[in-house]
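Asks: Using only what follows, build the 3D model:
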Amino acid sequence: MERKWRIGAVSYLNTRPLLLGLEQSALMAEIELVKAYPAKIAQDLIDGTIDMGLVPVAITPLLKEAHFVSKYCIGAVGEVASVCIFSQVPMEQIDKVYLDYQSRTSVQLARILLSQFWKKEVEFIKAEEGYIQQINGTTAGVIIGDRALAARAHYNYIYDLASAWIGHTGFPFVFATWIANKPMPADFMKAFDKENAYGLNNLPEVIAGIPITEQVYDLQKYYTENISYDFDAAKKEGLKLFLESL
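Replies: Numbers count the residues shown, from 1 in each chain. Take a look at the predicted model:
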């Protein structure tokens with residue numbers, strides 16, 4: 001028997017539509033699926049312990065080979081809601097910013113936007129687990145994923161990084177997409193994309209499968225208004241601009 005494809009995926013709510021069809025498909029016989037937070041999956045792809053992953057796009061320059069293999073991504077054409085700078089004071093009063101340890105792309109995006117869009121000099125702090133409790137006073141923090149959705153009720157000021165990027169560049173933003181560190185068979189990817197599309201076409205089924213305790217935000221809105229899944233030409237242009245700015 002041939003070795004299974006080792007595929008990594010982010011374990012956040014935003015990936016559920018892409019994974020629903022895949023996880024209940026016959027294609028799983030060919031796949032070993034690994035789930036973790038974005039920076040961990042990214043490191044796995046860099047290290048070669050997985051073949052393909054839904055990974056933060058900022059790792060692209062770190063890969064010996066980077067193949068954009070799918071029609072789908074985790075992107076935004078407006079407010080993304082789950083990748084933000086959270087603060088108790090307005091932007092002009094912020095002097096320190098924690099950078100979420102679970103992210104690569106989002107912290108790079110925050111650095112770019114603080115410098116170029118908000119024209120703000122701050123001290124960056126490399127965050128560790130538990131850092132969210134330290135976001136107070138003039139110290140802000142980048143929070144991503146499900147924790148960001150949960151945090152929205154607790155901060156006076158929320159600066160959405162996708163909205164800021166769009167305001168700064170005029171292009172959509174791509175946070176993550178399926179990237180392989182080797183060429184992938186065309187027939188496999190065709191089947192893979194078909195399974196990715198299943199959940200996007202059956203969002204009520206996706207949402208019904210998520211425990212109420214994890215639904216800290218309106219998921220119908222999240223999946224249809226905040227996250228944009230098609231890896232289209234406009235997003236590819238936005239991605240190219242972001243990678244050139246790293």
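Asks: quick check: longest strand of this protein.
Replies: strand 67-76 (DSSP state E).
Asks: Show me what that strand is packed up against.
Replies: Counting by 3 or more C-beta pairs under 8 Å, 6 or more residues apart in numbering; DSSP states H and E, the packing neighbours recorded for strand 67-76 are strand 173-180, helix 186-200, strand 228-230, helix 233-244. Heads up, the C-betas are built off the backbone N, CA and C, glycines and all.
Asks: Turn the ones you listed into a markdown table, including distance to Leu149.
Replies: Shown next, in a markdown table, are the helices and strands packed on strand 67-76 (distance: least, C-beta to C-beta, whole Å):
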| stretch | distance to Leu149 |
| --- | --- |
| strand 173-180 | 14 |
| helix 186-200 | 18 |
| strand 228-230 | 17 |
| helix 233-244 | 22 |
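Asks: For Thr60, which of those is the nearest?
Replies: When the helices and strands packed on strand 67-76 are compared by C-beta to C-beta, helix 233-244 sits nearest Thr60, at 5.9 Å.
Asks: ok now the closest one, how far from the chain's centre?
Replies: Relative to its parent chain, helix 233-244 has a centroid offset of 15 Å by C-alpha atoms, centre = their mean, to the nearest Å.
Asks: Now do the buried residues in it.
Replies: Neighbour counts over helix 233-244 (16 or more other C-beta atoms under 10 Å) mark Ala234, Lys235, Lys236, Gly238, Leu239, Phe242 as buried.
Asks: Identify the residue nearest the fourth one in space, chain neighbours excluded?
Replies: The one in question is Gly238. Once flanking residues are discounted, Gly238 sits nearest to Phe171: 3.3 Å by C-beta to C-beta, 6 or more residues apart in numbering.
Asks: Show the pLDDT at the one you found.
Replies: Listed pLDDT for Phe171 reads 98.
Asks: ok, now how distant is it from Tyr157?
Replies: Phe171 is 25 Å from Tyr157, where distance means C-beta to C-beta, to the nearest Å.
Asks: Strand 173-180 and the longest strand of the chain, what's the angle between them?
Replies: For strand 67-76 against strand 173-180, the angle by axes from the mean of the first three to the mean of the last three C-alpha atoms, to 10 degrees is 150 degrees.
Asks: Domain ranges for the protein, per the record?
Replies: Domain ranges of the chain: 5-77+172-244, 83-169, per automatic domain parsing.
Asks: Quote the end-to-end distance of the shortest one.
Replies: I take that to be domain 83-169. End-to-end span of domain 83-169 (C-alpha to C-alpha, to the nearest Å): 17 Å.
Asks: Which one of Phe171 and Tyr157 is surrounded by more residues?
Replies: Between Phe171 and Tyr157, Phe171 has the larger neighbour count (other C-beta atoms under 10 Å), namely 18 against 15.
Asks: Can you name the residues that contact that one?
Replies: Residues in contact with Phe171 (C-beta atoms under 8 Å, 6 or more residues apart in numbering) are Trp165, Ala234, Lys235, Glu237, Gly238, Leu241.
Asks: just the CA coordinates of stretch 197-211, formatted as CSV?
Replies: What follows is stretch 197-211 as a C-alpha-only set of coordinates in CSV (Å, rounded to 0.1, in the frame of the first residue of the first chain):
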residue,chain,number,x,y,z
ALA,A,197,-16.6,22.5,-1.6
TYR,A,198,-19.1,20.2,0.2
GLY,A,199,-19.2,22.1,3.5
LEU,A,200,-19.3,25.5,1.8
ASN,A,201,-22.4,24.3,-0.1
ASN,A,202,-23.9,22.8,3.1
LEU,A,203,-23.3,25.4,5.8
PRO,A,204,-26.4,24.4,7.9
GLU,A,205,-24.8,20.9,8.3
VAL,A,206,-21.5,22.4,9.2
ILE,A,207,-23.0,24.7,11.9
ALA,A,208,-25.2,21.9,13.3
GLY,A,209,-22.1,19.8,13.9
ILE,A,210,-20.5,22.5,16.1
PRO,A,211,-21.3,22.3,19.8
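Asks: Okay then, goodbye and thanks.
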